[in-house]
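Novice: After the sequence you'll find the predicted model.
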Amino acid sequence: MIGLVEPVARPDAPLARRNPVAKLAAALVFSVILIVTLDPVAPAIAIAVELAVLPLFGVHPRVLARRAWPLLLAGAGILVTLVLFAADRSGRMLFEAGPVVVTSGVLVTALGLVLRVFAVALPGVIVFATTDPTDLADALVQNAKAPARFAIGALAAFRLVPLLGQEWQMITLARRARGVDAGRDPVARLRLFASTGFALLVGAIRRGTRLAVAMDARGFDAGTPRTVARRQHFGVADALLIAGATALASAAVATSVLLGTFRPLIS
Amino acid sequence: MVGAVELRGFGWRHAGRLAWAVRGLDLRIERGERVLLLGPSGAGKSTLLAALAGLLAEDSGEQEGTVEIDGLDPRKDRERVGIVFQDPETQLVMSRCGDDVAFGLENRGVPATEIWPRVDEALRRVGFPYHRDRPTAALSGGEQQRLALAGALALRPELLLLDEPTANLDPAGAALVREAVARSVDADTTLILVEHRVAEALPLVDRVVVLAPGGGVRADGTPEAVFGAHGDALAAEGVWVPGRPVPPRRGTAPAGDVLLTADRLGLPPRLAAVDLTVRAGEALAVLGPNGAGKSTLALLLGGLLKPGTGRVAASTELAGADARTAPHRWRAPALTRRIGSVFQDPEHQFVTGTVFDELALGPRRTGRTEPEVRATVDGLLERLRLTRLARANPYTLSGGEARRLSVATALATAPRLLICDEPTFGQDRRTWRELVDLLAELRDAGHGLVTVTHDTEFVDALADRRVLLDRPTAQVPS
C-alpha cells in the first residue's frame, strides 16, 4: 500500500531535487489549466510534454507505467461507457452492432476524455514518485505555511497505513478461528465484510489515539513555536519550475485554440 | 530540597467510568530516585504515569487531590517529563530514525543548530547501532524501543517514565532495552518504571512502590524491605515477586494419539520449513526469537493460513472423515470444533457485544441447542471468574480479563487441539497461574496443546516438549 507513494526516482535528477511544494504547485497549475478544454489536442500535447520531462525528474518510464496503471483502467472504463451510452451520436458512422452505434463524433469525445484523464493525473503521479513524504510535509510547513498540526500529523498517521493491511488479515483469521465464515452466501459475505471493517476501524482509532498521546508527550502542538531540523529551501529554480509548468500548459491550450479544436469546458 | 514528585490524596476517574482508576494516593519521590511501580492489573499504574506526564486532560475525567512535580502541575510543566510507552508501533512518529529523535526537539523549539548534535548524542547514549537515516520500519521491536528511549532522552527530562517498555519484546530485545536504560539515564534523572517482570527490573531501581487495587499505596521501600515484609501477600495478589517460582504442572500420563502432523511446513519468507507432531495429552511449546515465524506457525497449525511449502495433516482421531483434507480448507464451524486458536491480541477475536454472547457464539455456530449453550457458557464464566462481567462489552475489559475471555471462547466449542499465541503476555502473576492451571487441566484431560511463547517460566511450568525455531536465513529482520 505504501509502495504507491514511496519516491522511486533518482534523487539527483535536476527536477526531482526541486522543492516539494514547488513540484506540487507546478503539477497543480499544469493540471488545472488543462481542465478548461474538452478537445483531444491540448491533452495530447500535454502528455507529450510530460513524457519529455520525465528524464529530468529521474523517473524511468517503466516506473511511471507501473504507478499509472489505474489510469489505464479509468481510461478503458470511459471508452466503453461513452461508446455504449453517449447521447451525441454525430459524425460519420463507423460501425453498428445492434443498439451500439459508433460514430466518429463519439470516438473523438471519448478520446478527448481519456487523454484528459492522463494529462491531468500524470503530473501528480510524477510528483509523488519523486518526493519523500517527510520532505513534502516539511516543505508544506516551511514554504507553504501549512499548520504543522495538519502536515506532521498527517505524516505520522500515514506511517500507520501499512499496519491496516496486516490488521485486516488478523481480524479475518481470528473470525475464522471463532467459527465465523460466510461460505458462498453473498449476503453473509457482505455482513462479515462490514463487521470486519468495523473491528478494523475500532482498532485504528485506538492506535491513532495512542499515537496522538505519544506525540503529545513529546510536546507536539503544545503552543511552543516549532523549530525545524530539516530546512527546505524555495529558490529561483523552484519559482521557475512553476512558471515553466504554467507556460507549457498554456501553450498546449493555445495550440488547440489556434488549430480550431478548442472546446471550452463551460460554453 | 524540593521533592521531584509529590502526590497528595491523588485520585483520577476517567470520564464515563464508575470506578476510580487511582484513588487516595500519597507519594513523594525525591530527585534522582529510581522507582519500580508495581501493582496487580487494574491498580492504576498507567493512569498514574499519564498523570505525571501531564497527559490527563482536565476535561477527560475527574481529579481528586493534587499531583505536582517540583511544585508545579505536570500539565503546565511537560518539558521536564519524558515517557516511553509499551507499543513501539504507536510511539514512533517519523519514517527515519534521526528525524524521530529530532521530532521532540523541534516541538520544544530547540534551535536548529543544536538539534542534530543532540540527536546524535541521544542515539549514542542508548547504544543505537545504526545511522540516523535508517528507516524506522526496518528496526526490530527492541531497536524501536531503544529509539523511543533516545527520543525521550534527547529532551533531557528530569523525570523519566517507562510504562512497560519491554512487554512486547522477546527476551533478547527486552535485555537490550534494559541495558540501554541502565547506561543512558544519568544520576540526577528521576526514574519511574512500570514492569511486570520484577526480577529483570530490579537492577535498574533502588525503591519499590506497590499500589493497592482499591487505592493508595500497599507497600513502599527498598526491594529487600518490600519483598521481605510483604513478599507472600504480594505474590498472592498477582505481583511477580522474585524468587517465588510457580510449581510446575507436568503431564501425568504419556502423550496419546497424534492429532496433527506438520511435514516440511513453511511459509516463505515468514517461516522456514518445520517438521513437528502434535499429540493428545501433550503440551508442546514453540520458542524462538522475534521474526522466527512463531505466530505464522501457530496460524498454519490452526488451519487459518494456507501453507506455502509442505503440509499440515490432521489425524482421523482429530477430524474423522475430514482428515483427508487439510485443516485450512475446512469450513469455519468444522474447524472451531476441532482446533481452537487463541490470538496474541485478544481483541482481534471479539465479534459480539457482550461477554456472554462472545462465549455462546462458538457453540451456537456449531449447532448446539440453547440449553446446552447456556450450560457451557455458565460453566466457563464461573471457571474463569468472568460471571460478574457476563453483560459487559468485551472491548471494555482489562488486559487480564480480555485474555481469560479469549481463552474461554476457544474452549467453548471443546476443541481437541488448542493453539495459543503468547497467552501469558502482559499478565499479572494471578492470571498467569490460572492460565497455567487451566491449560494443564486441559492437557491432562487429553487435549493437545501448542503454545507459541517467549515466556520461559511458562514453558518451564507447563511444557512437556519444546520446539525451537530460528529466523529464516537470508532475511532482513523486520
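Specialist: Sure thing, it's come through. None of these values were measured; they are calculated from a predicted model. Numbering: from 1, shown residues only, chains lettered A, B, ... in the order given.

Novice: CA atoms for contacts and neighbours, from now on please.
Specialist: Fine.

Novice: ok, now which residue in the chain is the farthest from the centroid?
Specialist: Unless you meant another one, I'm taking chain A. In chain A, the greatest distance from the average C-alpha position (Cα atoms, centre = their mean) is reached by A:G179, at 40.0 Å.

Novice: think we crossed wires, I meant chain B
Specialist: B:T113 (39.8 Å).

Novice: Report the secondary structure state of it.
Specialist: Three-state call for B:T113 (DSSP: H, G, I helix; E, B strand; the rest coil): helix.

Novice: what's the answer for B:A313, then?
Specialist: Using three-state DSSP as the criterion, the local structure at B:A313 reads strand.

Novice: B:R218 now?
Specialist: Applying three-state DSSP to B:R218 yields a three-state assignment of strand.

Novice: Can you check the pLDDT for it?
Specialist: The confidence metric pLDDT takes the value 90 at B:R218.

Novice: Tell me, how many residues neighbour the closest residue to it other than its chain neighbours?
Specialist: The spatially closest residue to B:R218, leaving aside those adjacent along the chain, is B:A212, at 4.7 Å (Cα to Cα, 6 or more residues apart in numbering or on different chains). B:A212: 21 surrounding residues under other Cα atoms under 10 Å in any protein chain shown.

Novice: For chain A, see how far away B:A212 is.
Specialist: Relative to chain A, B:A212 is positioned 26 Å away (Cα to the nearest Cα, to the nearest Å).

Novice: Am I right that that residue is in contact with B:S41?
Specialist: No - the pair B:A212 and B:S41 fails to qualify as a contact (Cα atoms under 8 Å) at a distance of 10.2 Å.

Novice: What parts of the stretch 1-150 of chain B come near chain A?
Specialist: If contact is defined as Cα under 8 Å from any Cα of the partner chain, the residues of the stretch 1-150 of chain B in contact with chain A are B:53-55, B:78-79, B:82-83, B:85, B:89-95, B:99, B:102-112, B:115-116.

Novice: contacting residues around the residue farthest from the centre of chain A?
Specialist: The neighbours of A:G179, taking Cα atoms under 8 Å, 6 or more residues apart in numbering or on different chains as the test, are B:332-336, B:362, B:365-366.

Novice: Do a quick rundown of the strands in chain A.
Specialist: Ranges of strands within chain A are A:93-97, A:100-103, based on DSSP state E.

Novice: Poorly predicted segments of chain B, please.
Specialist: Applying pLDDT under 70 to chain B flags the ranges B:1-3, B:473-478.

Novice: Centroid-nearest residue for it?
Specialist: Geometric centre of chain B, nearest residue: B:G426, 3.1 Å, by Cα atoms, centre = their mean.

Novice: Give the full set of residues in contact with that residue.
Specialist: The neighbours of B:G426, taking Cα under 8 Å, 6+ apart as the test, are B:167, B:196, B:399.

Novice: out of these, who has the most neighbours?
Specialist: Within the contacts of B:G426, B:H196 tops the neighbour count with 25 neighbours, counted by other Cα under 10 Å.

Novice: Tell me the secondary structure at it.
Specialist: For B:H196, the secondary structure call by three-state DSSP comes out as coil.

Novice: Need the phi and psi values for it.
Specialist: As for B:H196, its main-chain torsions (degrees, to the nearest 10) stand at phi -70, psi -40.

Novice: Wait, it touches B:D163, no?
Specialist: No - between B:H196 and B:D163 there is no contact, the gap being 10.1 Å when judged by Cα under 8 Å.

Novice: Can you give me the buried ones in stretch B:262-278?
Specialist: Buried positions in stretch B:262-278, judged by neighbour count with 16 or more other Cα atoms under 10 Å in any protein chain shown: B:262-267, B:270-274, B:278.

Novice: which residues touch it?
Specialist: Applying Cα under 8 Å, 6+ apart, the contact partners of stretch B:262-278 are B:258-261, B:284, B:291-294, B:296-297, B:301, B:307-313, B:448-450, B:471-472, B:475.

Novice: show me what contacts the residue in the stretch 351-478 of chain B that chain A sits nearest to?
Specialist: Using Cα to the nearest Cα, B:G362 is the residue of the stretch 351-478 of chain B that sits closest to chain A, at 6.0 Å. With contacts defined as Cα under 8 Å, 6+ apart, B:G362 is in contact with A:178-179, B:333, B:336, B:409-410, B:412-413.

Novice: Show me those that map onto helices.
Specialist: B:333, B:336, B:409-410 (DSSP state H).
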